[in-house]
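Peer 1: Take this sequence and fold it.
(one chain, ligands or ions: 2)
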Amino acid sequence: MTIQPRIEEDGSPREKTDPISSCSQEYALDGRIHLNGNSLGAPRHSLIPELGHLISGQWARLQVRGWFQEGWLDLPRTVGDKLGALLGAKPGQIVVAGETTSTTLFNVLVAACRLRADRPVLLVEQESFPTDLYIAASVARLLDRRLAAVSRADLDIRLREHGDQVAAALTSPVDFRTGERRGIGETTALCHDAGAISVWDLSHAAGVLPVDLDANGVDLAIGCGYKYLGGGPGAPAFTYVPVRHQPDVDFPLAGWHGHARPFAMSPRFEPADGIDRARTGTPPVLSLAGLNHALDPLLEAGIEALYQRTRELGDYFLACLEESRPDLAKQLASPRDALRRGGHLAVRVADAERVEHELAERGVHVDSRPPDLIRFAFAPLYVTKDHIRRVVDIVTAVA
Ligand SMILES: Cc1ncc(COP(=O)(O)O)c(C=O)c1O
Ligand SMILES: Nc1c(O)cccc1C(=O)C[C@H](N)C(=O)O
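Peer 2: Numbering: from 1, shown residues only. Ligands and ions are numbered 1, 2, ... in the order given. Okay, here's the model as predicted:
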C-alpha cells in the first residue's frame, strides 16, 4: 500500500482519515501523549496476542524443537532483512544478533579498527551519546589507538585535513540532543577519500529518516531497536555489514552463533560466511519477536512517508509554539528547517527536569537532558496534531 499523508493545517477531520495518523489507534498509549519515541517507542495492542501465540503455540508446544521448526534460529537474519527495507540495505547485510547497542558498537568498532590495522586514530564526535564515547575510548585503549574526540562541526574538517591517520570515524546522522542531522553520504565519502572506515550509530534515525545505507556506501552501522523502531524496552540492536566487507570483518565477539557451523561444536572458531559472522550467542527470541512485530506498520507506511509525516508534525509543533509562546520558540536548540533535523527537536528551558515532570503529571511524556533541554519527538505513526496542540497548551502553562 502506498501511503500519502495529507493533513489539514488545523489537524482533523482530514487527519482522522489519513492512513498514517489513523495508525495511532493501533498503539497502546494508555490515554497519554508520547513525545519520546526517541527514547522508547510505544507498543502496538496486537503485540500481546502475538507474544501469547509465541509462548503457548510455539514454546510450550515444541519446547527445544522450536529452534528448528519455527525459524527461531533464523530470526536474527529474517528480522535484519526486514529492517533492511527501512534502512536501504539489500537482504543479507543486517543482523539483529540479540545484544545491546553498546555491546554491538564495541563489536563493530573493534572490527572497523582491525580493517585498518596500520592507522593510529579512532575519530569520534564529542557530542555523541555517552555510551558511544565510553565504548570508543575503551576500544582505543584495548587496541592501542589514539582516540580523537572532535566537535560535530569539526569532524568533516578533521577527515579532510588529517584523514590519512584515521582508522575509523564513528558518527551519527542525528544529534541525540539537538536533533541536528549530518549527511551520511557526505561524511562517508570523506571517510572513503581518506581511506578510513565510516561507522554510523543509527539509533536516532532508524524508522524515522531515510538512511540509504547501500546507496550511501556506508562501511559499518549499528543502531538500537527500541526508539522509533518500537521494539520495546531493551529491544536488541542491529548490525549492518555490506557484502563487500563481509569476507574481511573480524569481530572480537566470536561466539558460536557466528561460527560457520554452530552445531558442529568444533573447538576452533571459523567465521560464518556473510552477515551471520556478526552473530554472537543464542538469540533472544521473545525480544526479536517484539521487534519483528513492531516493524510491520513502519514497512507498510514506507520510510519516505514516515519521514514526511515527522517533518510535518515537527513544523506544526513549532508553529503552535511560536503562536502561543514566542519566547520559548526562540529558545529552539534544533535547526528550524525540518530538513536539517531528525525526528525530534529540543527547546531550552530553565529547570528542564521540573518541566518534564509537570508534563508527565498531565499525561505527556517527553524527556529532559542536562542541563536545560526538553526534547519532543514526533513518532510518525502515533503522534497526531491533536496531541501536539494539547502539549503546546500544557507547555505554555508550565514552562
Ligand atoms: C545514539 C545512542 N547510542 C546508544 C544508545 C544506548 O545503547 P544501549 O542500548 O546499549 O543502552 C543510545 C540510547 O540509549 C543512543 O541514543
Ligand atoms: N536506553 C534508555 C534507557 O534504558 C532508559 C532511558 C532512556 C534510554 C534512552 O534510550 C535514552 C536515549 N538514548 C537518549 O537519546 O537520551
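
Peer 1: what about Leu345, which SS state?
Peer 2: Three-state call for Leu345 (DSSP: H, G, I helix; E, B strand; the rest coil): strand.

Peer 1: how about the residues of this protein near ligand 1?
Peer 2: Taking CB under 6 Å from any ligand atom as the contact definition, the chain meets ligand 1 at Thr100, Thr101, Ser102, Phe129, Thr131, Asp132, Ser172, Phe176, Asp201, Ser203, His204, Cys224. For the C-beta atoms, the positions are set from N, CA and C on the backbone; glycine is no exception.

Peer 1: Who wins on neighbours among those residues?
Peer 2: Among those, Asp201 has the most neighbours (other CB atoms under 10 Å), with 29 neighbours.

Peer 1: from what I can see that residue touches Gly223, true?
Peer 2: Yes. Checked against CB atoms under 8 Å, the pair Asp201 and Gly223 is within contact range at 6.4 Å.

Peer 1: still on that earlier bit, going by distance to Leu109, which of the residues of the chain next to ligand 1 wins?
Peer 2: Distance to Leu109 across the residues of the chain next to ligand 1 (CB to CB) is lowest for Asp132, with 9.0 Å.

Peer 1: I'd guessed the closest one sits against Ala169; true?
Peer 2: No. The pair Asp132 / Ala169 is not scored as a contact, 11.9 Å apart, by CB under 8 Å.

Peer 1: shared neighbours, the two?
Peer 2: Overlap of the contact sets of Asp132 and Ala169 (by CB atoms under 8 Å, 6 or more residues apart in numbering) consists of Val124.

Peer 1: Quick one: the strands in the stretch 51-200 of the chain, in order.
Peer 2: Listed in chain order, the strands found in the stretch 51-200 of the chain under DSSP state E, counting those that start in this stretch are 94-95, 121-125, 146-150, 166-171, 197-201.

Peer 1: And the average pLDDT for the longest helix along the chain is what?
Peer 2: Longest helix in the chain, counting residues (DSSP state H): helix 303-324. Here helix 303-324 scores 97 as its mean pLDDT.

Peer 1: What is it packed up against?
Peer 2: With contacts taken as 3 or more CB pairs under 8 Å, 6 or more residues apart in numbering; DSSP states H and E, helix 303-324 sits against helix 326-329, strand 344-348, helix 385-398.

Peer 1: again, 7 Å this time
Peer 2: Applying 3 or more CB pairs under 7 Å, 6 or more residues apart in numbering; DSSP states H and E, we find helix 303-324 packed against helix 326-329, helix 385-398.

Peer 1: residue in the stretch 151-300 of the chain nearest to ligand 1?
Peer 2: Nearest residue of the stretch 151-300 of the chain to ligand 1, counting by CB to the nearest ligand atom: Ser203, 3.8 Å away.

Peer 1: Just to be sure, that residue is in a helix?
Peer 2: No. Counting by three-state DSSP, one finds Ser203 to be coil, located in no helix.

Peer 1: Verify the contact between it and Gly225 for me.
Peer 2: No. Under the criterion of CB atoms under 7 Å, Ser203 makes no contact with Gly225, lying 9.1 Å away.

Peer 1: from the residues of the chain next to ligand 1, which ones fall inside helices?
Peer 2: Counting by DSSP H, the residues of the chain next to ligand 1 place Thr101, Ser102, Thr131, Asp132 in helices.

Peer 1: any idea of the pLDDT on Pro19?
Peer 2: At Pro19, pLDDT is 60.

Peer 1: again with the one 4 residues further on
Peer 2: You'll see Cys23 listed with a pLDDT of 85.

Peer 1: Contacts only, for it.
Peer 2: By CB atoms under 7 Å, 6 or more residues apart in numbering, the residues touching Cys23 are Pro297, Leu381, Tyr382.

Peer 1: Kindly report the same for Ile275.
Peer 2: Counting by CB under 7 Å, 6+ apart, Ile275 makes contact with Arg77, Gly80, Gly92, Gln93, Ile94, Val95, Val241, Gln246.

Peer 1: Next, find the distance separating the last one from Asp273.
Peer 2: In this structure, Gln246 lies at 7 Å from Asp273, with CB to CB, to the nearest Å as the measure.

Peer 1: And those two? Which one has more around it.
Peer 2: Neighbours were counted for Gln246 and for Asp273 using other CB under 10 Å; Gln246 has more, 18 against 10.

Peer 1: Surely that one is in contact with Asp276?
Peer 2: No. Using CB under 7 Å as the test, Gln246 is too far from Asp276 to be in contact (9.2 Å).

Peer 1: So what sits opposite Ala148 in the bridge?
Peer 2: Beta bridges link Ala148 to Leu123, judged by DSSP bridges.

Peer 1: Could you check how many residues crowd around it?
Peer 2: 20.

Peer 1: again with Ala397
Peer 2: Counted with other CB under 10 Å, the neighbours of Ala397 add up to 11.

Peer 1: With Phe68 instead?
Peer 2: If you count neighbours by other CB under 10 Å, Phe68 ends up with 12.

Peer 1: quick one on the thing from earlier: let me know which of the strands of the stretch 51-200 of the chain is tucked in deepest.
Peer 2: Among the strands of the stretch 51-200 of the chain, strand 94-95 has the highest mean neighbour count (mean count of other CB atoms under 10 Å), at a mean of 30.

Peer 1: give the contact list for the closest residue to ligand 1 within the stretch 251-399 of the chain.
Peer 2: Proximity of the stretch 251-399 of the chain to ligand 1 (CB to the nearest ligand atom) peaks at Arg369, 10.4 Å away. Counting by CB under 7 Å, 6+ apart, Arg369 makes contact with Arg177, Arg375.
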